[in-house]
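*Asks:* Sequence below, structure please.
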Amino acid sequence: MDYDGFIQLVQNRRSIRSFKTDPVPDDLVEKIIEAARFAPSGANSQPWEFLVLNDKDVKDRVVEIVKEGSESSYKIGQTRPPDERHPSDNRRWKNPGFKDAPVFIILFGDKRLMETFPLSACLNHGDEIFVSSLASTFLYMNLAVTSLGLASQWVTSTSQPLAQALIKELLGVPRDYKLYDTMAVGYGKHPPLPRLVRKREEITHDNRYDMNKYRPDEQLKKFIGAVQKGRSTMPDSSG
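*Replies:* The predicted structure follows:
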């Protein structure tokens, strides 16, 4: 693949929140995991384990666990001042779009593999290296999904403390494993909308940080608002 093909793949990768119920062939799931196992990891520790769910009853139970855990997350969000609350609300979790995806791939990490790190790294920021390793393989999964013409949603709500504990109990996962996140995989009902991406020149500095590119709080607040509202462009700065 040349760079043009790669950048097109990266640009096409999006989270989808509405899936068809059409089954995903097993060989495509295997290809996703095949790509993921070559991801970079701290000290080549490869701490990942992939749990594939395609049994509807089991997936439905996971969805119910997510709903249960999201109730408390919603309540936490309501403690923010009204103008700082996220636009998503509890209704979203009463019928989450990922529930119809025919496959869930849950990514777990075995923290015992942090023993592969140099002791200084393990003591100073071993947890960060461990999580970064899991993030790397999850990104490879995302890119593999896109390359296969499939759609995916990055479901972070399964890693909340309550959801994580209940899912591990449901699926017989060792208690000391970390549930990183879940990927819902299937065929999207609708093409993804364009998303807001910062301009390259705004985020790049040469040799020294350019304070002219430092965003004041008001500008940052506008950006956060645009992201939360799903805009594909920034609102007019005069507005």
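*Asks:* Run through the bridge partners of the residue nearest to Asp100 when sequence neighbours are not counted.
*Replies:* In space, and not counting its chain neighbours, Asp100 is closest to Phe19: 4.5 Å by C-beta to C-beta, 6 or more residues apart in numbering. Quick note: C-beta positions are derived from backbone N, CA and C, even for glycine. Partner residues in beta bridges with Phe19: Gly188, with DSSP bridges as the criterion.
*Asks:* Quick check: Phe19 touching Pro96?
*Replies:* No: the pair Phe19 and Pro96 fails to qualify as a contact (C-beta atoms under 8 Å) at a distance of 10.5 Å.
*Asks:* Of the two, which one has the most company?
*Replies:* Set Phe19 next to Pro96 and count neighbours by other C-beta atoms under 10 Å: Phe19 wins out with 25 against 18.
*Asks:* Tell me the predicted confidence for Asp236.
*Replies:* According to the prediction, Asp236 has pLDDT 61.
*Asks:* now do Met114
*Replies:* We have a pLDDT of 94 for Met114.
*Asks:* For it, which non-adjacent residue is spatially closest?
*Replies:* Using C-beta to C-beta, 6+ apart and skipping the chain neighbours, the partner closest in space to Met114 is Gly126 (4.9 Å).
*Asks:* before we move on, the earlier item: tell me the contacts of the residue nearest to Asp100?
*Replies:* Taking C-beta atoms under 8 Å, 6 or more residues apart in numbering as the criterion, Phe19 is in contact with 97-98, 100-102, 151, 153, 184, 186-189.
*Asks:* What of Val145?
*Replies:* For Val145, the set of contacting residues under the criterion of C-beta under 8 Å, 6+ apart consists of 13, 32, 151-152, 183, 185.
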